[in-house]
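Peer 1: Got a predicted structure here, sequence first:
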Amino acid sequence: MCLCFGGAALARLAGMSLDEAAVALGDENFKVREQAEQVIRMAGIDAYAQVARLAASDNPEVAARARRSLPTVLLEIDGDFPPDLAARLRRIDDFRGAQLEQLLTDLTGLKPPRPVTLIALHSHWQARRPDSPDATRKLNGLLESALLTGLRGDAVLTDLSRLRPERYEAGTLALVLDSLSKQRAEDLAPLLPLHDAWTRSHPQLLQLLQEGTQKAW
């Protein structure tokens with residue numbers, strides 16, 4: 001009976017909605033929970049608020065699976081991504097060393113650039129970096145380098161203006177503002193709305209910028 005029920009439940013997952021997946025995250029069947037989590041991970045940035053609510057669930061299983069899904073929800077992966085790259089991005093926590101370097105090289109080579117995806121990746125590593133950490137520090141360094149490369153170009157400001165800063169780590173946003181101001185030091189005016197909006201969301205941004213090398217603000 002359990003096997004039959006599991007098969008039927010899995011069959012129902014084929015076209016499940018996000019709401020159905022949210023319920024299925026707590027299903028008694030492990031395979032159902034696994035597939036529901038994949039639906040959540042594929043949900044996209046518009047589902048962020050719902051997934052964030054699930055991450056605060058009283059059900060430990062639901063909360064844990066939703067928390068694991070949040071980084072990939074933030075990545076803004078859509079149909080314009082090469083399928084192989086999209087699949088690798090959704091497994092970002094599995095990559096180390098040369099694999100991660102190749103993934104970031106491929107991501108920064110996209111036309112048009114994807115600064116929002118890079119910001120989400122960097123913010124994710126900022127949030128999960130342990131205190132001891134040579135390996136993770138190296139991963140963070142790779143992401144910083146890729147992010148700074150991806151920030152070049154005027155079109156980036158359009159993407160950044162629609163960011164919801166509360167979803168990202170303050171350290172990441174400080175790095176973005178610092179890098180952009182250096183690249184556009186002769187014309188800070190387009191950056192001031194970003195600076196003001198992001199600082200309202202993260203008051204510690206001012207301190208982070210002052211502690212760094214950027215004094216223009």
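Peer 2: Arrived safely, thanks for sending.

Peer 1: thought Gly26 was touching Ala63?
Peer 2: No: under the criterion of C-beta atoms under 8 Å, Gly26 is not in contact with Ala63, lying 9.7 Å apart. Quick note: C-beta positions are derived from backbone N, CA and C, even for glycine.

Peer 1: In the chain, where's the longest helix?
Peer 2: Ranked by residue count, the top helix of the chain under DSSP state H comes out as helix 134-150.

Peer 1: With adjacent residues omitted, what lies nearest to Arg65?
Peer 2: Nearest in space to Arg65, with sequence neighbours left out and distances taken as C-beta to C-beta, 6 or more residues apart in numbering, is Glu37 at 4.6 Å.

Peer 1: dump the residue contacts of the one you found.
Peer 2: When the contact criterion is C-beta atoms under 8 Å, 6 or more residues apart in numbering, the partners of Glu37 are Ala21, Leu25, Arg65, Arg68, Ser69.

Peer 1: Check which helix or strand it maps to.
Peer 2: If you go by DSSP states H and E, Glu37 is part of helix 30-41.

Peer 1: next one: Leu118
Peer 2: Assignment of secondary structure by DSSP H and E places Leu118 within helix 115-128.

Peer 1: from the chain's centre, how far out does that helix sit?
Peer 2: Centre-to-centre, helix 115-128 and its host chain are 5 Å apart (C-alpha atoms, centre = their mean, to the nearest Å).

Peer 1: now the angle between helix 134-150 and it, please.
Peer 2: Counting by axes from the mean of the first three to the mean of the last three C-alpha atoms, to 10 degrees, helix 115-128 points 160 degrees away from the direction of helix 134-150.

Peer 1: re the thing from before, who are the packing partners of the longest helix of the chain?
Peer 2: For helix 134-150, the helices and strands in contact under the criterion 3 or more C-beta pairs under 8 Å, 6 or more residues apart in numbering; DSSP states H and E are helix 97-108, helix 115-128, helix 170-183.
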